[in-house]
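what follows is a predicted protein model with its sequence.
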Amino acid sequence: MARSVAIILMLEGHCTGAALADQYRNKEYLGYAIWGQIHGWTSVLFFTVSGVIFTYLLSAHNEFAYWKNVRVRKGYKRVLQLLFWGYLIQINLKALYYTIFHGSSYDADWLQAFHVLQGIGFGILMLLVFYGLYKWIGKIELHWYYLIAAIIFFGFNGWLNHRIDVDKQLISEGILQAKRYWPEGAPKFIQNIVYGQYSEFSILRFTGYTVLGGMLGSIIRKYEDKVFNWSFIGIVAGTGVLILALIKYFFRGIDKLSMYLGWTDAKVQATNTYPLKSFGVILIFISLLIVIDKYFKIKESLFLKMGRNTLSIYIVHVIILYEGIFGFGLKPLLLNRNFDPLSSGLISLSFILIFVLMVRFIEPLTKFYYKVVPLHWLNK
């Protein structure tokens with residue numbers, strides 16, 4: 001259910017974002033402020049739930065050795081699949097055609113971007129790495145390994161955010177001429193993975209969400225018979241509420257301690273406040289889904305089928321909306337921030353319905369796809 005909600009919100013957010021005119025993009029408008037906030041939570045939900053589901057399935061085979069766990073082997077194949085498609089859909093064949101036959105320049109920078117699919121792929125890779133450490137070292141439960149991983153990633157994320165803030169200040173004062181991407185001096189391909197020209201989904205923040213999702217997936221597996229108990233639901237929701245209420249004070253304390261010990265000379269980890277608050281919201285949302293499942297038992301439906309086909313939906317939506325691969329798309333040809341809110345909403349609804357139909361007929365479409373694209377080792 002969570003994945004279905006995430007993919008629908010993503011389709012709506014991306015389509016509305018492409019259609020809505022600039023004059024309506026004002027946070028003083030309540031509707032736009034709410035839309036922007038929900039859209040901001042969508043990627044957090046996507047990465048977190050990816051970690052929950054993958055680890056829930058992975059930890060079902062804990063009795064097997066690492067390489068004998070079928071989910072480990074499938075996981076590495078999934079990582080390759082996500083990286084492959086992530087970079088493939090960034091190709092623009094139309095632009096390449098004009099470069100070859102008409103001599104126009106081809107901007108290859110976007111080919112090196114690190115985006116959603118690559119980010120989820122790297123997150124799954126880290127889930128597999130820390131699962132391997134768990135199998136090798138043992139001692140403590142799997143969810144503690146993922147919590148340690150989250151602390152590492154968000155710790156470095158705080159440092160990077162602070163560095164970016166310092167750079168902004170130096171640029172505004174004329175001391176620094178341009179952003180200092182990191183790792184400094186590394187190829188753009190590497191920089192984009194952490195902090196570069198195109199690194200909206202930096203591994204530091206978003207892998208943090210994936211491993212936190214892995215922690216939750218491991219806990220759900222361990223206490224599977226208690227998931228629908230109100231005590232479990234209350235702990236999940238209560239943890240989310242506590243994060244929202246207290247996380248800023250926690251990071252302030254960490255920064256004060258760090259400055260007292262001489263490790264840092266400024267507030268660094270406080271920059272993680274909003275990212276962790278977003279995770280708190282997701283915990284509350286997941287607890288709500290558990291309640292819905294407890295009382296309504298959502299049956300097999302097109303809604304759930306949307307959540308089982310997120311990769312296909314994501315790839316096709318990039319091709320249709322963002323000129324992925326072929327270089328022809330709705331944006332900017334038809335959708336170029338040129339519609340009012342009502343029209344944008346109706347366009348987004350129509351866009352979502354297209355993918356509902358695609359999922360409705362996914363089986364025959366998949367059979368046709370396998371005949372046309374002989375990449376079975378990546379597609380299965």
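Structure's in. What do you need?

the helix or strand containing residue 167 - contacts with which helices or strands?
In the assignment (DSSP states H and E), residue 167 maps to helix 142-172. Packing contacts for helix 142-172, counted by 3 or more C-beta pairs under 8 Å, 6 or more residues apart in numbering; DSSP states H and E, involve helix 30-58, helix 116-137, helix 203-222, helix 273-296. Yep, even glycine has a C-beta here, placed from its N, CA and C like the rest.

outside of whichever helix or strand comes after that helix, which residues touch it?
Downstream of helix 142-172, the next assigned helix or strand under DSSP H and E is helix 188-194. With contact meaning C-beta atoms under 8 Å, 6 or more residues apart in numbering, helix 188-194 is reached by 109, 112-114, 118, 122, 160, 181-183, 196-199, 202-204.

filter these down to the buried ones and hand me the PyMOL line.
This is how PyMOL selects the buried members of the contacts of helix 188-194, with burial counted by 16 or more other C-beta atoms under 10 Å:
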select buried, resi 112+113+114+118+122+160+181+182+196+198+199+202+203+204
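
distance of the closest residue to residue 70 other than its chain neighbours from residue 67?
The shortest distance from residue 70 to any non-neighbouring residue, by C-beta to C-beta, 6 or more residues apart in numbering, is to residue 61 (6.5 Å). Distance check for residue 61 against residue 67: by C-beta to C-beta, to the nearest Å, it reads 11 Å.

neighbour-wise, which of those two wins?
Taking neighbours as other C-beta atoms under 10 Å, residue 61 and residue 67 compare with residue 61 leading, 13 against 10.

residues touching the more buried one, list them.
So residue 61 contacts 69, 70, 71 (C-beta under 8 Å, 6+ apart).

hang on, the earlier thing: just the helices and strands packed on helix 142-172: most buried one?
Each of the helices and strands packed on helix 142-172 was scored by mean neighbour count; the highest is helix 203-222, a mean of 26, by mean count of other C-beta atoms under 10 Å.

show me what that helix packs onto, helices and strands only.
Counting by 3+ C-beta pairs under 8 Å, 6+ apart, helix 203-222 packs on helix 30-58, helix 116-137, helix 142-172, helix 188-194, helix 273-296.

who are the contact partners of the nearest residue to residue 303 once chain neighbours are set aside?
Nearest residue to residue 303, sequence neighbours excluded (C-beta to C-beta, 6+ apart): residue 4, at 5.3 Å. Going by C-beta under 8 Å, 6+ apart, residue 4 touches 303, 304, 306, 307.

for PyMOL, write the selection for the buried entries among those residues.
To isolate the buried members of the contacts of residue 4 in PyMOL, using 16+ other C-beta under 10 Å:
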select buried, resi 306+307
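
just the contacts of residue 4: which are in helices?
Among the contacts of residue 4, DSSP state H puts 303, 304, 306, 307 in helices.

what sits against the last one?
Right, the one you point to is residue 307. 1, 2, 3, 4, 5, 6, 7.

what does the second one give?
Applying C-beta under 8 Å, 6+ apart to residue 304 gives the contacts 1, 4, 298.

do you know which of the helices and strands packed on helix 142-172 lies nearest residue 173?
For residue 173, the closest of these is helix 273-296, at 24.9 Å, according to C-beta to C-beta.

okay, which residue is most central for the chain?
In the chain, the centroid-proximal residue (C-alpha atoms, centre = their mean) is residue 47; its distance is 3.7 Å.

how about low-confidence regions in the chain?
The chain contains residues with pLDDT under 70 at 369-370, 372-380.

now do stretch 3-11: distance to the chain's middle.
Distance of stretch 3-11 from its chain centroid, counting by C-alpha atoms, centre = their mean, to the nearest Å, is 12 Å.

correction: stretch 232-248
Offset of stretch 232-248 from its chain centre (C-alpha atoms, centre = their mean): 21 Å.

state the distance from the residue nearest to residue 303 to residue 313.
Residue 4 is 10 Å from residue 313, by C-beta to C-beta.

what touches both of these two?
residue 306.

how much space separates residue 148 from residue 239?
Relative to residue 239, and taking C-beta to C-beta, residue 148 is found at 17 Å.

ditto for residue 142
According to C-beta to C-beta, residue 142 and residue 239 sit 18 Å apart.

pretty sure the residue nearest to the centre of the chain is touching residue 210, no?
Yes. In terms of C-beta atoms under 8 Å, residue 47 counts as a neighbour of residue 210; the distance is 5.0 Å.
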